[in-house]
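**Student:** For reference, the sequence and a predicted model appear below.
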Amino acid sequence: MKDELPKPTEREMEIIGVLWRTGPSPVREVLEELNRDRKPPLAYTTVLRFFQIMLEKGLVTRREGGKGHIYETSVPAEKTKTQLTHDLLNRVFAGSTKDLVLHALGGRKMTAEELDEIRDVISEMDQEEKKK
């Protein structure tokens, strides 16, 4: 893919996930969310250092807020997910979308709503293919 950002580490992905859920946030709010179920908790300085590294990598942006800096992801969630999925597809599944999907579907139990959504996507793809 063009314009690929560096691949986030596991901890950076945790932080990005919090920003996706909460939107632009100061370090303290991200820290609270990360530590919600974590034992032992992360230190403020640890999370701040991750943000500094992520800023240097171009994974997040920073702006001045009321009581400090506000961080947000530099790329929309969908673009990041697409980039990471393509990377996984190529590195692990040798480019086989079928293998990726079969492993994803077989890896855990899904709700009826999730299955319906998957069926809808497949149906839409099928309709698009028939139009060609």
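**Tutor:** Ah, there it is. Numbering: from 1, shown residues only.
**Student:** Break this protein down into its structural domains.
**Tutor:** For the chain, automatic domain parsing gives the domain ranges 10-73, 93-131.
**Student:** Reformat the ones you listed as TSV; add distance to Asp87 and mean pLDDT.
**Tutor:** Glycine gets a C-beta too; all of them are placed from N, C-alpha and C. What follows is those, written out as TSV (distance: least, Cβ to Cβ, whole Å; pLDDT from 0 to 100):
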stretch	distance to Asp87	mean pLDDT
domain 10-73	12	95
domain 93-131	11	89
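**Student:** just so I know, which of the ones you listed lies nearest Leu84?
**Tutor:** Evaluated over these, closeness to Leu84 peaks at domain 10-73, with 8.4 Å, by Cβ to Cβ.
**Student:** how far out from the middle of the chain is that closest one?
**Tutor:** Offset of domain 10-73 from its chain centre (Cα atoms, centre = their mean, to the nearest Å): 14 Å.
**Student:** coming back round to it: could you redo the domains of the chain as JSON lines and give each row mean neighbour count and distance to Thr85?
**Tutor:** What follows is the domains of the chain, written out as JSON lines (neighbours: other Cβ atoms under 10 Å; distance: least, Cβ to Cβ, whole Å):
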{"stretch": "domain 10-73", "mean neighbour count": "15", "distance to Thr85": "13"}
{"stretch": "domain 93-131", "mean neighbour count": "10", "distance to Thr85": "8"}
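**Student:** Fine, thanks again, bye for now.
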